[in-house]
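Chemist: could you look at this predicted model? Sequence included:
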Amino acid sequence: MNDPFSSALDSLGQNIAGVGTGSNPLFAPQISQLFGLNLPAVPIISARDYFLNQMESWFTAIPMTTQWIVLIDQYPPGLKTSIIQGLERNASGNEFDIDEAKNILTAYPLQKVVGCLFAANITIPNEAWNVESAYVDNNRGFLPGVLGGSRNHEAPVLDIGFRETNTSFIDFVVRPWVILAAHFGLVARDPNDVTQAIKNMKCNMHVMQYTRSRAGVSMIPRKVWSFYNCVPFTVNEETLDYTEEKMVVHNTRWTYSNYTVANNLYLPIGEIINNFAKYGLPKIGNPSLFQGFKSPV
């Protein structure tokens, strides 16, 4: 397959022009039929060639599924040793001493450069609502009507797996987070009141799915999921044994209030890639490289 950006902005007419001149089987659709027209002497196009040509466009190319990151906007200010020790049984006074580990594990290098470095898998939740038949007595052979019900009876849940490392993100960040959330609940807190804000266990989370762009150019996000007011409520159990060494992934479950999904089509993708390929990265004070770009607003 050619470079996925080589035909990113080709028009439909340009795509068709490249495949509408060959000798094709009779069952292939005529170009006039694609537009609902009835023009004589229009050549028959190859459905196969047209499909393959469209797959070379960036917009319709098969995406990569393993290139994604998780970004956690902020960690709760109350996620600290003094708070959890004051709420949990603490016989020796040293239990749940999480401050040093939490500060390291939630620092910029391990959370922002390539997202949360410990995230190993994530399941994007489904979307559904209930429908049911409107039965009537003795409706004979008539099909019943359809009634719309409510949307997603169960609480919204996000499943995330975190890999285990020597300094355990799951046990020094997520597990204490679950415990504190159980104590403080999901009550709305005043962010301007310090005593209230410290009890707020909610965060916003973003899942960015990347795909290839062009040789020598970084991958770009093709889809961004945003989940709001996320709180972990389950950390699954772990079994220790002597059988084999393996990468351990802990499963966690998070609740959230709402979510959004966005694409990056407001960017002039084709023009950006072509300018990078031709001129390299733009320099400060040289806006001429972007004169052809249209503002997204």
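Modeler: Nice, thanks for sending it over.

Chemist: so the most far-flung residue of the chain relative to its centre is in which element?
Modeler: Distance from the C-alpha centroid of the chain peaks at residue 138, with 48.7 Å (Cα atoms, centre = their mean). Of the helices and strands defined by DSSP states H and E, none includes residue 138.

Chemist: may I have the predicted confidence score for residue 135?
Modeler: For residue 135, the model assigns a pLDDT of 82.

Chemist: separation between it and residue 145?
Modeler: The spacing between residue 135 and residue 145, counted by Cβ to Cβ, to the nearest Å, is 9 Å. Every C-beta, even on glycine, is put in place using the N, C-alpha and C of the backbone.

Chemist: same thing with residue 177?
Modeler: Residue 177 is 47 Å from residue 145, by Cβ to Cβ.

Chemist: okay, these two: which has more neighbours?
Modeler: Neighbours of residue 177 and residue 145, each counted by other Cβ atoms under 10 Å, are more numerous for residue 177; the result is 25 against 11.

Chemist: contact partners for that one?
Modeler: 75-76, 79, 201, 231-232 (Cβ atoms under 8 Å, 6 or more residues apart in numbering).

Chemist: dihedrals phi and psi, the nearest residue to residue 202 once chain neighbours are set aside?
Modeler: With sequence-adjacent residues excluded and distances taken as Cβ to Cβ, 6 or more residues apart in numbering, residue 202 is closest to residue 229, at 4.4 Å. When read as degrees, to the nearest 10, the backbone of residue 229 gives phi 60, psi 50.

Chemist: pull the number of nearby residues for residue 229.
Modeler: By other Cβ under 10 Å, the residues close to residue 229 number 17.

Chemist: now residue 103: which helix or strand?
Modeler: Here residue 103, judged by DSSP H and E, is contained in helix 99-105.

Chemist: which outside residues touch that helix?
Modeler: Helix 99-105 has contacts (Cβ under 8 Å, 6+ apart) with 75, 79-81, 110, 118, 167-169, 172-173, 176.

Chemist: same check on stretch 202-220?
Modeler: Contacts of stretch 202-220 (Cβ under 8 Å, 6+ apart): 3-5, 61, 63-64, 67-76, 115, 122, 124, 158, 186, 221-231, 254, 256, 264, 269, 273, 276-277.

Chemist: follow-up on the earlier one: inside helices: which ones of the contacts of helix 99-105?
Modeler: Taking DSSP state H, the ones among those that sit in helices are 81, 110, 169, 176.

Chemist: tell me which two of those sit farthest apart.
Modeler: Greatest spacing in the ones in helices among the contacts of helix 99-105, by Cβ to Cβ: 81 and 110 (19.5 Å).

Chemist: which residues does the residue nearest to the spatial centre of the chain bridge with?
Modeler: For the chain, the residue nearest the mean C-alpha position is residue 207 (3.4 Å; Cα atoms, centre = their mean). Here residue 207 sits in beta bridges with residue 70, residue 225, as judged by DSSP bridges.

Chemist: all numbers from here: first residue = 6
Modeler: Sure, I'll start counting at 6 from here, so that last one is residue 212.

Chemist: now it: how far from residue 77?
Modeler: In terms of Cβ to Cβ, residue 212 sits 10 Å off from residue 77.

Chemist: ends of stretch 53-66, how far apart?
Modeler: Start-to-end span of stretch 53-66 (Cα to Cα, to the nearest Å) is 15 Å.

Chemist: before I go, just wanted to say thanks for your time.
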